[in-house]
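Undergrad: Using only what follows, build the 3D model:
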Amino acid sequence: MSQKDLIPLNQRTKDEQKEICSLGGKRSGEVRRQQKAMREIFEAIRDAKVKEPKLQERLKAAGFANEEMTYGALLAVSAFDSAIGGNAKMTELIMKTLEEKEERAGAIVIIDDIPDI
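TA: Sure thing, here's the model as predicted:
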């Protein structure tokens, strides 16, 4: 399909516009569900306990207690190791992540959906 074959939405009939928008909305919802599923998988892996002895030793050397030995902790240690080794992008990512956490911690959250008693 070439550029000249494309018909702008405003030059289509109302029914065609409605169908195209409907398809776009359905696809958008599908993509959001897939992204949510992947986010939940990543969170589960991040929070899972490290079972491999070699990886546990790495975390132990970094000062982590047994109950803190998760893949999230391992990821953080690896990120710091990479940054210390000169990876500027990793250093930037770590700094940005820490700044975002500080910004969230200092933010005032107003909850206005608490029911009156």
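Undergrad: What residue in the chain is the furthest from its centre?
TA: What lies farthest from the middle of the chain is residue 13; by Cα atoms, centre = their mean that is 39.1 Å.
Undergrad: Give me the average confidence score over the one helix or strand residue 99 maps to.
TA: According to DSSP states H and E, residue 99 maps onto helix 88-106. The pLDDT scores in helix 88-106 average 84.
Undergrad: buried stuff in that helix?
TA: 90-91, 94 (16 or more other Cβ atoms under 10 Å). Glycine gets a C-beta too; all of them are placed from N, C-alpha and C.
Undergrad: quick one: which of these is nearest to residue 72?
TA: Nearest to residue 72 among the buried residues of helix 88-106 is residue 94, at 13.8 Å by Cβ to Cβ.
Undergrad: what about residue 43, distance to residue 82?
TA: As judged by Cβ to Cβ, to the nearest Å, residue 43 and residue 82 stand 22 Å apart.
Undergrad: Sorry, slip of the keys, the one I care about is residue 67.
TA: According to Cβ to Cβ, residue 67 and residue 82 sit 25 Å apart.
Undergrad: Between these two, point out the one with more neighbours.
TA: Remark: of residue 67 and residue 82, residue 82 carries more neighbours, 15 against 7, as counted by other Cβ atoms under 10 Å.
Undergrad: Return the set of buried residues in the helix or strand hosting that one.
TA: Assigned by DSSP H and E, residue 82 belongs to helix 71-84. Of all the residues in helix 71-84, those buried under the rule 16+ other Cβ under 10 Å are 71-74, 76-77, 79, 83.
Undergrad: What angle do helix 88-106 and it make with each other?
TA: Counting by axes from the mean of the first three to the mean of the last three Cα atoms, to 10 degrees, helix 71-84 lies at 130 degrees to helix 88-106.
Undergrad: on that earlier part again, make a markdown table out of the buried residues of helix 88-106 and add distance to residue 32.
TA: Shown next, in a markdown table, are those (distance: Cβ to Cβ, whole Å):
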| residue | distance to residue 32 |
| --- | --- |
| 90 | 29 |
| 91 | 32 |
| 94 | 29 |
